[in-house]
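Enquirer: predicted model, plus sequence, below.
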Protein chains: 2
Amino acid sequence: MRIYSFGDGSAEGTSVMTDLLGGKGANLAEMNSLGLPVPPGFTITTEVCMDYLRGLGGMGPGGGFGAADAEGTLPDGLMDEVVEALGLVENQLGRTFGDPSSPLLVSVRSGARVSMPGMMDTVLNLGLNDQTVEGLAKESGNERFAWDSYRRFVTMYADVVMGLHRTRLDLLVDEMKKTRGVEADTDLTAEDWKEVVSRMKGRVEESLSRSFPDDPMEQLEGAIQAVFRSWNTARARFYRREHGISDEWGTAVNVQAMVFGNMGDDCATGVAFTRDPKTGESIFFGEYLVNAQGEDVVAGLRTPQPVNRDGDESGDLPTLEETMPEPYAELVAVYKKLEKHYRDMQDIEFTIEKGRLFILQTRRGKRTGAAAVRIAVDMVREGLIDQREALLRIDEDQLTQLLHPSVDPNASKTTIARGLPASPGAATGKVVFSSADAVRLAGEGETVILVREETSPEDIEGMTVARGILTQRGGQTSHAAVVARGMGRCCVVGCSDIVVHRDGSFTAQPRDGAGSEWTLRTGDTITLDGSTGEVLLGEVTMSEAGLDGSGLDELLGWADERATLTVRANADTPKDAQTARGFGARGIGLCRTEHMFFEGDRIDAVREMILAEDHKERAQALEKLYPMQRSDFVGIFSEMDGLPVTVRLLDPPLHEFLPGNDDEISELAGKMGVPASRIRLQVENLKEFNPMMGHRGCRLGITHPEIYRMQVRAILDAALDVQERGQTVQPEIMIPLVGTSRELEILRGLVLAEADDVFERRGQRLDFLVGTMIELPRAAITADRIAGHADFFSFGTNDLTQTTFGYSRDDARFLQTYLEPEIAVLADDPFVSMDYEGVGALVRMGTERGRSTSPDLKVGICGEHGGDPRSIAFVHEVGLNYVSCSPFRVPVARLAAGKVALREDVN
Amino acid sequence: MRIYSFGDGSAEGTSVMTDLLGGKGANLAEMNSLGLPVPPGFTITTEVCMDYLRGLGGMGPGGGFGAADAEGTLPDGLMDEVVEALGLVENQLGRTFGDPSSPLLVSVRSGARVSMPGMMDTVLNLGLNDQTVEGLAKESGNERFAWDSYRRFVTMYADVVMGLHRTRLDLLVDEMKKTRGVEADTDLTAEDWKEVVSRMKGRVEESLSRSFPDDPMEQLEGAIQAVFRSWNTARARFYRREHGISDEWGTAVNVQAMVFGNMGDDCATGVAFTRDPKTGESIFFGEYLVNAQGEDVVAGLRTPQPVNRDGDESGDLPTLEETMPEPYAELVAVYKKLEKHYRDMQDIEFTIEKGRLFILQTRRGKRTGAAAVRIAVDMVREGLIDQREALLRIDEDQLTQLLHPSVDPNASKTTIARGLPASPGAATGKVVFSSADAVRLAGEGETVILVREETSPEDIEGMTVARGILTQRGGQTSHAAVVARGMGRCCVVGCSDIVVHRDGSFTAQPRDGAGSEWTLRTGDTITLDGSTGEVLLGEVTMSEAGLDGSGLDELLGWADERATLTVRANADTPKDAQTARGFGARGIGLCRTEHMFFEGDRIDAVREMILAEDHKERAQALEKLYPMQRSDFVGIFSEMDGLPVTVRLLDPPLHEFLPGNDDEISELAGKMGVPASRIRLQVENLKEFNPMMGHRGCRLGITHPEIYRMQVRAILDAALDVQERGQTVQPEIMIPLVGTSRELEILRGLVLAEADDVFERRGQRLDFLVGTMIELPRAAITADRIAGHADFFSFGTNDLTQTTFGYSRDDARFLQTYLEPEIAVLADDPFVSMDYEGVGALVRMGTERGRSTSPDLKVGICGEHGGDPRSIAFVHEVGLNYVSCSPFRVPVARLAAGKVALREDVN
């Protein structure tokens, strides 16, 4: 069967036939079967689409069949079946297609298996010509409406089917308005439109050397072909590749009788949601326009009126409930039926034609993150769905939105630059270029955005008071990115579209900005979108984060009950730990001790330690650091009372702590009382060609054992301090960057020896674990041997991705090219979503080999992937014990961990 | 059995019992069985040693049993067996141990399973006391000799057995000489020595609160224990760890009757080789001293005399043949018997006591590389050994020595700095600090050593004329190292012991130099040892490379016949190719096109290409490079007529080609006619944090396809040019740094498309292969997919080692610590010898997975490991098809490839 009819309370198709009928077609069939007032019509299947496209021949550049602009012929006999199906519609409505007195007009729309919003084409009012337009005028009693409809049809058909861009015809409307000396379309008369239509058809013929088809059946055949072809436009192919949609699915075509909300004041058109899509509140929520067509609602030229006073108590525009009580009552009955039937919030398009309600479409309503959570939780309470379904319905990205302010997707905005989205959320504020300015302006009550070429430890104070951080250089693991994520502060890094100048300004020139350039100075306002990497001019409408009353805690509780993976957080300070615990983290999976080194005047002691010329000097400097580290750990352990805390010993190369420019060197030389030349020489000597692969991690632990000894002492003394308060402490000491079992053997020995010293001195003991990060390919490969010295493994997938691919995360600008659909070397950024084939294979290998030696080995992951749902699904399948991510990602990870366990239960 | 006796033409042990009797003990037994005149004695087994050491209890820090300075008791009854064995010796010689009139004196020496030269202890003249010394005096008719022997015994025994350092007793000799007003030991009389002995015994008692033992049996028991304990001295443990010798083997003790070469002028002692150890020439070669003990030969105080005139025609010192014709004739008979028996060149120690010849030791004689090859080949000709044995006897290191001049191992030298040994060989020359000075001085006929902070393409000319290159910075893959290896030029890089100053000098301060500092200026002479990384002061004695008449070609021919691995060379120029072919390379496995970019004024065109602002500019610059590359390839293909040539497309990040300092930037700006600021900005923008993992290799090929297209065109046009001359060309185009199958798919497509263009234009075709380097962990892991697009794989184990370990080769200074015996994170430098566990696992995985898709895949290796024998053995076992290495390593690789195949045949 190639065509499925619907109408009059029955349909040939059903809601499960989306593969064949597309989402919209299946939905129209379903609504008919529910007995809803739907304009009759029929659906031509996706199989016909693929047959037709194959007939066009040739492979498009994206691998699909048929170029979007080729012409072809529909499969044999199809139009005969179309005529037959059209007959059924004619019979139901008592109108005839092409009949000059009582013409049937139809819409022709695409409808693929999954929604591809705005990607494909639609033609409305089809069936109009110089004869039928008169019938429409007579029937509606509104000649102006009829000719206006006709001109809309001509514009749309010429654009979609004939390939003449609509702007070429819209010009003629503008010319007519100029001639008539009027401002608005609504000021043009029926005669004017008649003239416009005539000129449009002339312009079509002139431009295309083809006349505009007057035969309704020829119009219909052309529109069907055009909708099929729209499957293969460049933007549709791009969208499919981005969303993982197969090129082979094709689109169905829905031909449906037109109904008109613009035939007069007893007509209306509108959109309604069965719950509030912003908050999720259970109110019937919607907007309508009297005497209008759907596209008028979308165009936003008139202010729509609310359907009722729910959620709009203070408004003064008349509601549908007030102006058209009967159709409103009918609509209320429909929405209740629909929501109960679909068991989800619906987005309903309706039209009232001369007082009669028609439902044009219903679909799952899009909603904000907050609404998604609230609706799911409410529906569980209402018994509409179970907990499992509630969980599966929430997309993890929606939680991110819920946890941070975000740019309103419908806001108008000017993008002046794009960088790497380093920390999600959005923020508007005044540009400042120094930490000092940030502190000053913030002190005056301003919200500020800190813009730097790159940040360094000296900027911490400014970053703390800023709402957002923008850097010209640096990647996802740069200082700015890491610190911002820890603070939950919105951040865009590596924004090479901007150049920060020393005079307190920056220039911005987006790559895709066609030559536009902006200069912004201290005090100018910008908005950062840390979720997309966009830098926007001025203030932009935001959706605020909404946590309260959202039902999130309840939802995540259900997730936790099902999850087998535990979710921990990466947290470096007592404040981070508190945040993490607040978000439900069940421990700290990564506490980076080096971040403590940057705070306040500690950096001076760190630098003295690094620049020490002998053991004595180094020991003195370490003694200064010891009490600071101890007190940090006391704070963290105390916050995490009863939960495990994994502390990673010093990881970065020492040169990262040293001053970078001459001023800083001189200042440090002054503080240390040594010549600047000496410091400059040492800074020079410590420099590395490839610091990512340099003298860091456990390599430092082996060459400078006194550093790790101090850290172990600080950790265990702090743990005993907290234990003395009656709290429970579970320290886990983690050795970074191990590549050989011997490294871990040596350092485990060092840790245990230091622990014995501490316990003997204090006369108390404490249980703790010693484990390692697995973040080098060699560690994964030799995990069986390494596991002999480890109580736990934690995969550091950031570095493991860098070394497995040989990509320097800070330099990998070529990744942009690799992700382009035409190149497609990579489907996803491997630093965002774990590369299963390569990095994932090593995670699996490391886990299996580690457990082959040590079956009870606790295994987790603490790279950025720990907060990525797809990566979480992968490590769940591998059998890891926990994931650890930024505090603000903890809810996302909890949801993902629960969902993957749920899905597994079913399979 | 705990004791094995030998003497009188028979022995209880045999030569195969080295595990039990040690090398020396088995050898003494063997010589006795051969009927050679060997002083009688007996061997206490290694098992007794381990029993004894276990009895001492406790674990030494190296894991061995017993501290070296502990005292203990020998196993029960052992001394009874010793007395019994001693009885046999007494019977044979008609002397009695401890007999005041005709005393038997013995030596007590260690002897482990494998030789550990100088590592363990020896006591000579044991059995002397105030009574027996008189018997020795009477018997020898030389009272002075007897007391001198006694004083030597006391010194040695006190040192080795009692732990009083010999310098404490030697002082007394100096005091006596001062008292007597004489200069030399030989000026002291019997009475003087008697007095010295007495004082020495007093000093022992005073220092140790123990008297020197007079009882010969007590002396013997103490000496046996001391030799056993010497197995566990720190230096012995260190030596074992360095040489892979088990701590569990233990040492045997050899107790043997003393014979004296210093009883008078009818006595002598000497060392002889059955062939010339320097050249391998088949002459009997040796040195002796009249009236001397072995240690006098070693001490070098007297000039030894030649045993005959063979190889010393012009000498004037009397030969042994002349002075003692009968013992000499006997010695000649012995050496012939020994060489025939052992089928190898022997190093023989002999003593003539009152005209009677004694053979003290025979062992495989150490020899130079040239001698090793010549002796092996000669012995095959002589029918002494077969080709297989000849091959197995040559150590690959000996070939390296043969191919380059080397520092004479016995030369005295002052090491002023140590760097990384980047290219083997040694060179002496005058220091210069610039390419221009190098060219100028070399033009004046001087030999020069170019010393630079680091080298850049501008230094090529200077490097070409210099004998050696020394750099302060940079690692094994730095520009200096790579270029020098290609030229076969001796090179030391990354020498952080030196600081190069701008005033034409450098200061050197070796880490282990205890504060010494040297300053060298232009024109000062230094010697570089590129095999050890040492920088030596002034001129040092060298052994020149010797290839002619060495029999090397014949030997390597035998290796080639047996090898299953083919040996290719890494060669970037026609000259390299010629060298490689001369050394027997069967193709080029790696031709690095970027090195061509540095030559002459090409670098300007390269820089223009990189800095091009649009496609047109870039294409123009590439057009300038195209003919140069084409002509290079013509030269290389022509040299390699009939053999395959693998050309790697551009690999390094573009910033490597850009000028580094402001002067160079200004110069380039002038040449290009653009502002310096523009170039500076571009240089800045191209900089990378971790260039090793940056925008390079196939990543460039994908973002800048025009570069690879130009290179492919140059390769294939050149190949057709050479084919037109009637030569045979086998180009293999290699894509570097592939990490995903898609990269190779795209670039293979690019290569094939470009090839079609070339073939169509020329109207000729040519067979060629397209393959890839496997140098990233991800490539090895996904090799099954990558192999779908590859005709061959070549493992780039340099980069694979960097990424698998996460070590930046240029920065890995911590490796020195990792290789220290007490740390022992790594047994070998993984950049020199392949890490089997990690990198090797990936090589195996990549090969197996690649061949799972593509069973006939040709697989090779082209990293530095391609010339390392242990790595060659590994890749042979994995089943690779070829290795590729520096031209000068080709002979080494051929030998190794032959030997590993041979060994496999046997197993």
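Expert: Sure, I can see it.

Enquirer: ok, and the closest non-adjacent residue to residue A:90?
Expert: residue A:96 (5.2 Å; Cβ to Cβ, 6 or more residues apart in numbering or on different chains). Heads up, the C-betas are built off the backbone N, CA and C, glycines and all.

Enquirer: who's that neighbour bridged to?
Expert: residue A:103 (DSSP bridges).

Enquirer: hmm, residue A:106 and it touching each other?
Expert: No. Counting by Cβ atoms under 8 Å, residue A:96 stays clear of residue A:106, with 11.9 Å between them.

Enquirer: do you know the pLDDT at the spatially most central residue of chain A?
Expert: The centroid of chain A falls nearest to residue A:397 when counting by Cα atoms, centre = their mean (5.4 Å). Predicted confidence (pLDDT) for residue A:397: 79.

Enquirer: one more: residue A:60?
Expert: 41.

Enquirer: what of residue A:791?
Expert: Model confidence at residue A:791, expressed as pLDDT, equals 97.

Enquirer: for it, which non-adjacent residue is closest in space?
Expert: The shortest distance from residue A:791 to any non-neighbouring residue, by Cβ to Cβ, 6+ apart, is to residue A:769 (3.9 Å).

Enquirer: quick check: that neighbour vs residue A:715, distance?
Expert: Separation of residue A:769 from residue A:715 (Cβ to Cβ, to the nearest Å): 12 Å.

Enquirer: what do those two both touch?
Expert: Residues touching both residue A:769 and residue A:715 by Cβ atoms under 8 Å, 6 or more residues apart in numbering or on different chains: A:731, A:733.

Enquirer: so these two - more neighbours on which side?
Expert: residue A:715 (30 against 15; other Cβ atoms under 10 Å in any protein chain shown).

Enquirer: assumed that one was part of a helix.
Expert: Yes. According to DSSP: H, G, I helix; E, B strand; the rest coil, residue A:715 belongs to a helix.

Enquirer: mind listing what it touches?
Expert: Neighbours of residue A:715 in contact, by Cβ under 8 Å, 6+ apart: A:629, A:633, A:647, A:731, A:733.

Enquirer: residues of the stretch 601-750 of chain A that sit close to chain B?
Expert: A:685, A:688-695, A:699, A:702-703, A:737, A:739-740, A:742-743, A:746 (Cβ under 8 Å from any Cβ of the partner chain).

Enquirer: so how do I select the buried members of those in ChimeraX?
Expert: Buried residues among these (16 or more other Cβ atoms under 10 Å in any protein chain shown), as a ChimeraX selection:
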select /A:688,689,690,691,692,693,694,695,699,702,737,739,740,742,743,746
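
Enquirer: element containing residue A:503?
Expert: For residue A:503, there is no enclosing helix or strand under DSSP states H and E.

Enquirer: if you tally nearby residues, what's the number for residue A:128?
Expert: Residue A:128 has 28 neighbours, counted by other Cβ under 10 Å.

Enquirer: scratch that, residue A:203
Expert: 18.

Enquirer: hmm, residue A:166 and it touching each other?
Expert: No. At 11.5 Å, residue A:203 does not count as touching residue A:166 under the criterion of Cβ under 8 Å.

Enquirer: tell me where the stretch 101-250 of chain A has helices.
Expert: A:132-140, A:143-160, A:166-180, A:190-208, A:216-229, A:234-243 (DSSP state H, counting those that start in this stretch).
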